[in-house]
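Asks: dropping a prediction and its sequence here:
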Amino acid sequence: MNTRTLSTQIYQNILSGNADSRFDAISDPQERAFAKKLIFTALRKQTFLKKVIGRYSSKQLPPKLSIEQIALILGATEILYLHTPQYAVVSSYVDIAKKLGNKYAGGFVNAVLRKICQDADTIRQASNVPFFSKNFRRILQPDYTAKQIAAIEKYAALEPPLDLTIKSEPAHWAEILGGKLMPNNSVRLYSAGAVSQLSGYQEGAWWVQDFASSLAVTALGNIKGKNVLDLCAAPGGKTAQLINAGATVTAVDISAPRLQTLKENLARLKFKAKNIICSDAINYLQNNNENFDIIILDAPCSASGTLRRHPEIVHTKTPEDVVQSVKLQQQMLSATASHLKKGGILLYSVCSLSKNEGERQVANFIDANPEFKIVPITSAVLFNSNILPEIITPEGFIRCLPSILGTEGGMDGFFIAVLQKE
Ligand SMILES: C[S@@+](CC[C@H](N)C(=O)[O-])C[C@H]1O[C@@H](n2cnc3c(N)ncnc32)[C@H](O)[C@@H]1O
């Protein structure tokens, strides 16, 4: 099967929430790189392209795309943004639509792609937005102003840089890798290529971790010698930070394949966790009597904050997904409460933009568990100086948005709270 046909099927799988099937079917590295470029560009342009296509056909494309509609989106993406010769694109996607779609599919794709070819320059000049689907916008509307949503949409639609957390000597590695040293000593690369080919990968000098995500462990301050339970730990970005900071770590995650990645990451970094346990977090807590100095709950969530690297999220997530995540997070948070020593610290984080999963989740937890109080996070703890004050909320939480540092590559949407058990 050729790369365009495989890409059409992969795209359908991604929209169905089947992320595991990503790109494994394409073995040739160049072809795989092309498929990734095509699919990620199309996911970032899909909402806009649906509007364009709607103008050329008698009816609007539905929220759930059929296979020939996906072929059309990919064909339009190649013509408009990847600059593939037009004749090759039209005939390829007409063939794919005929093969995979219904009997009218070839004619429909042919007619619309030819019109797009004619008007390509005008369409290209139109702005990037909308990136968000209606459902995704509904997730943000209760929590952010129209201006904030527009800024998030603008910067989240851009391809993100690659952030690395450095084991030691960040300035040295910034120079070797040609990257930018960030306020928390992450190194930001604007054009990276294959991660495993970068200097320092084999020797385990750094690991991939978004700037925003790396702030969670940094917010804990000095944790040398602390006994830490890292819940929902895989693939281990925070586990690595904890070990690097001198903590003793028990890492728990429900997913065996993701824990395998965590183990491989720790081995490459020459780090050792005290325990690595494959278990549901609540089951683990219910069947274990140990009390910890620190518990990290980097909870499963709607992942709406990771939309720069996972643009399919804007097409697949709905407010109902947030409701489901909130319930699970609430149960997990309650289960942690009895496993902290007196004076122990609970760090709660989510890569979600929804305040129901972040700010309100923590407020409700404190209402139900008054023995916990907020330890306000400060720029001084994070960066040793008063930079990026806009990521700290009045309550003393961290609230990162993709629009913050937008012109410098932005950051994931992320929420972090540090609580202490009195
Ligand atoms: C946001 S990711 C964690 C990222 C990780 N802490 C890091 O810094 O690399 C959430 C993790 O929660 C795990 N998870 C989901 N449901 C779980 C459950 N019921 N118990 C334990 N882990 C769970 C997932 O497998 C996933 O690895």
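Replies: Yes, it's here.

Asks: where do the helices sit along the stretch 101-250 of the chain?
Replies: 105-118, 120-125, 134-140, 146-156, 170-177, 211-218, 237-244 (DSSP state H, counting those that start in this stretch).

Asks: list the helices and strands the fifth one packs on?
Replies: Judged by 3 or more Cβ pairs under 8 Å, 6 or more residues apart in numbering; DSSP states H and E, the packing partners of helix 170-177 are strand 162-166, strand 180-181, strand 187-189. From N, CA and C alone the C-beta is placed, and that goes for glycine too.

Asks: what of the last one?
Replies: Judged by 3+ Cβ pairs under 8 Å, 6+ apart, the packing partners of helix 237-244 are strand 162-166, strand 206-208, helix 211-218, strand 227-231, strand 248-253, helix 256-269, strand 292-298.

Asks: out of the ones you listed, nearest to the ligand?
Replies: Among the helices and strands packed on helix 237-244, the nearest to the ligand by Cβ to the nearest ligand atom is strand 292-298 (3.5 Å).

Asks: do you know the pLDDT at the residue of the chain positioned farthest from its centre?
Replies: When distances to the mean C-alpha position of the chain are computed (Cα atoms, centre = their mean), the maximum falls on residue 103, with 38.1 Å. Residue 103 carries a pLDDT value of 79.

Asks: with residue 128 instead?
Replies: Looking at residue 128, its pLDDT stands at 65.

Asks: then the one 3 residues further on?
Replies: Here the pLDDT value assigned to residue 131 is 95.

Asks: repeat that for residue 308.
Replies: Residue-level pLDDT assigned to residue 308 equals 97.

Asks: repeat that for residue 293.
Replies: 98.

Asks: counting neighbours, what do you get for it?
Replies: Neighbours of residue 293 under the rule other Cβ atoms under 10 Å: 17.

Asks: which ones are touching it?
Replies: Applying Cβ atoms under 8 Å, 6 or more residues apart in numbering, we find residue 293 in contact with 226, 227, 228, 340, 341, 344, 345.

Asks: and residue 186, by the same measure?
Replies: If you count contacts by Cβ under 8 Å, 6+ apart, residue 186 has them with 163, 164, 165, 166, 170, 209, 211, 214.

Asks: burial count for the second one?
Replies: Residue 164 has 27 neighbouring residues, counting by other Cβ under 10 Å.

Asks: from residue 351, how far off is it?
Replies: 18 Å (Cβ to Cβ, to the nearest Å).

Asks: what about residue 188, neighbour count?
Replies: By other Cβ under 10 Å, the residues close to residue 188 number 22.

Asks: re earlier: keep the contacts of residue 186, but drop any that are not near the ligand.
Replies: Near the ligand, judged by Cβ under 6 Å from any ligand atom, there are no entries from the contacts of residue 186.

Asks: with pLDDT as extra columns, can I get these in a markdown table?
Replies: Output for the contacts of residue 186, formatted as a markdown table (pLDDT from 0 to 100):
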| residue | pLDDT |
| --- | --- |
| 163 | 98 |
| 164 | 98 |
| 165 | 98 |
| 166 | 98 |
| 170 | 97 |
| 209 | 98 |
| 211 | 98 |
| 214 | 98 |
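
Asks: make a PyMOL selection of the buried ones in those.
Replies: In PyMOL, a selection of the buried entries from the contacts of residue 186 looks like this (16 or more other Cβ atoms under 10 Å):
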select buried, resi 163+164+165+166+170+209+211+214
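
Asks: contacting residues around residue 141?
Replies: Contacts of residue 141 (Cβ under 8 Å, 6+ apart): residue 149.

Asks: before we move on, the earlier item: which stretch among the helices and strands packed on helix 170-177 comes nearest residue 232?
Replies: Counting by Cβ to Cβ, residue 232 lies closest to strand 162-166 out of those; the figure is 18.1 Å.

Asks: for the contacts of residue 186, which one is nearest residue 265?
Replies: Residue 265 lies nearest to residue 209 out of the contacts of residue 186, by Cβ to Cβ, at 10.2 Å.

Asks: is it true that that closest one touches residue 162?
Replies: No. Judged on Cβ atoms under 8 Å, residue 209 makes no contact with residue 162 at a distance of 9.9 Å.

Asks: for residue 117, which non-adjacent residue is spatially closest?
Replies: Residue nearest to residue 117 in three dimensions, not counting chain neighbours: residue 86, with 4.6 Å by Cβ to Cβ, 6 or more residues apart in numbering.

Asks: phi and psi next, for residue 394.
Replies: Residue 394 has phi and psi values of phi -60, psi -30 when expressed as degrees, to the nearest 10.

Asks: count the neighbours of the residue nearest to residue 117 for me.
Replies: Neighbour count for residue 86, taken as other Cβ under 10 Å: 17.

Asks: ok, now residue 389?
Replies: Residue 389 has 8 neighbours, counted by other Cβ under 10 Å.

Asks: now swap in residue 63 and tell me
Replies: 13.

Asks: my guess is residue 316 contacts residue 17. True?
Replies: Yes. Applying Cβ under 8 Å as the test, residue 316 and residue 17 come out as touching, 5.9 Å apart.

Asks: of the two, who's got more company?
Replies: Neighbours were counted for residue 316 and for residue 17 using other Cβ under 10 Å; residue 316 has more, 19 against 11.

Asks: tell me who's in contact with that one.
Replies: Applying Cβ under 8 Å, 6+ apart to residue 316 gives the contacts 15, 17.

Asks: how about the residues of the stretch 251-400 of the chain near the ligand?
Replies: Residues of the stretch 251-400 of the chain lying close to the ligand (Cβ under 6 Å from any ligand atom) are 253, 254, 255, 258, 280, 281, 298, 300, 351.

Asks: in ChimeraX, how would I select just the buried ones from those?
Replies: In ChimeraX, a selection of the buried entries from these looks like this (16+ other Cβ under 10 Å):
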select :253,254,281,298,300,351
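
Asks: TSV please, covering the residues of the stretch 251-400 of the chain next to the ligand and showing pLDDT.
Replies: Listed next are those as TSV, based on pLDDT from 0 to 100:
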residue	pLDDT
253	98
254	98
255	97
258	96
280	98
281	98
298	98
300	98
351	98
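
Asks: if we can go back for a sec, what would the helices and strands packed on helix 237-244 look like in JSON lines with distance to residue 331?
Replies: What follows is the helices and strands packed on helix 237-244, written out as JSON lines (distance: least, Cβ to Cβ, whole Å):
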{"stretch": "strand 162-166", "distance to residue 331": "30"}
{"stretch": "strand 206-208", "distance to residue 331": "30"}
{"stretch": "helix 211-218", "distance to residue 331": "21"}
{"stretch": "strand 227-231", "distance to residue 331": "12"}
{"stretch": "strand 248-253", "distance to residue 331": "15"}
{"stretch": "helix 256-269", "distance to residue 331": "20"}
{"stretch": "strand 292-298", "distance to residue 331": "11"}
